[in-house]
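Trainee: the sequence and its predicted three-dimensional model are supplied below.
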Amino acid sequence: MTKFATRSLIALAASALALGTVSPALAALPQGAKAPDFTAKGALGGKPFAFSLKQALRKGPVVLYFFPKAFTPGCTSEAHAFAESADDFRKAGATLIGMSTDDQAALAKFSSLECRDKFPVASASPAIVSAYDVAFKKDGKVLGLTDRTSYVIGKDGKIAMVHSNLDWREHVTLSLAAARKLHR
């Protein structure tokens, strides 16, 4: 490959990244890893909600999706998409929960307005962010947010699917397909 072609490919990739059509690879726990147990406080339909991964797994698989910040365009669109598919996740026997580093007041509003009272969202503590390897970093600095990463955790507590990409559009489809596969 010529230097010109190589430079052109690098420029094209940089442009796509800047336009948001491509995302950098994000860190995440690998498929097959044991999901770290946790409890968290959040909201469902604007009301306080307590979540325990251990208890949720007793009922079936868990779809745990991390999102960077409530009420931002991508996170709002993703919440709407998950809300529209919430009944499909239930039919697949899966518990759905969103996680961010937002405070309880923001999550209470977000759970009602953007999650449309269909599923809970909870606050990811620094320990949860670290355990799931979802700290959002820019230029090597941790920003106090989470990456956009979705995990489907099997009833056995192992990660059956992971999708880490700042573009929200495939998270619901891939998570639902993995939950359905576990339901068979």
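Mentor: Here it is on my side, so go on.
Trainee: quick check: which ranges of this protein have low pLDDT?
Mentor: Within the chain, the stretches with pLDDT under 70 are 1-27.
Trainee: now the strands: where do they sit in it?
Mentor: For the chain, the strands defined by DSSP state E occupy 39-44, 47-52, 62-66, 95-100, 121-123, 135-138, 141-146, 149-153, 159-164.
Trainee: export the ones you listed as a markdown table, with columns for distance to Glu84 and mean neighbour count.
Mentor: Where you see a C-beta, it was placed from the backbone N, CA and C, and this is true even at glycine. A markdown table is the format used below for the strands of the chain (distance: least, Cβ to Cβ, whole Å; neighbours: other Cβ atoms under 10 Å):
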| stretch | distance to Glu84 | mean neighbour count |
| --- | --- | --- |
| strand 39-44 | 17 | 19 |
| strand 47-52 | 20 | 15 |
| strand 62-66 | 14 | 26 |
| strand 95-100 | 12 | 25 |
| strand 121-123 | 16 | 24 |
| strand 135-138 | 25 | 15 |
| strand 141-146 | 22 | 15 |
| strand 149-153 | 16 | 26 |
| strand 159-164 | 18 | 20 |
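Trainee: closest one to Gln31 among those?
Mentor: Between Gln31 and these, the shortest gap by Cβ to Cβ is with strand 159-164, which sits at 5.5 Å.
Trainee: what angle separates that closest one from strand 149-153?
Mentor: For strand 159-164 against strand 149-153, the angle by axes from the mean of the first three to the mean of the last three Cα atoms, to 10 degrees is 170 degrees.
Trainee: quick one: distance of strand 159-164 to the chain centre.
Mentor: Computed by Cα atoms, centre = their mean, to the nearest Å, the separation of strand 159-164 from the middle of its chain amounts to 10 Å.
Trainee: over to stretch 130-140?
Mentor: 13 Å.
Trainee: okay, it in CSV with CA atoms only?
Mentor: The C-alpha trace of stretch 130-140 is given here as CSV (Å, rounded to 0.1, in the frame of the first residue of the first chain):
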residue,chain,number,x,y,z
SER,A,130,-14.6,-0.6,37.9
ALA,A,131,-15.9,-4.1,38.4
TYR,A,132,-17.6,-4.0,35.0
ASP,A,133,-14.7,-2.1,33.3
VAL,A,134,-17.0,0.6,31.9
ALA,A,135,-15.3,3.8,32.9
PHE,A,136,-15.6,6.4,30.2
LYS,A,137,-12.2,7.7,29.3
LYS,A,138,-11.1,10.5,27.0
ASP,A,139,-7.5,11.2,26.3
GLY,A,140,-6.6,8.7,29.1
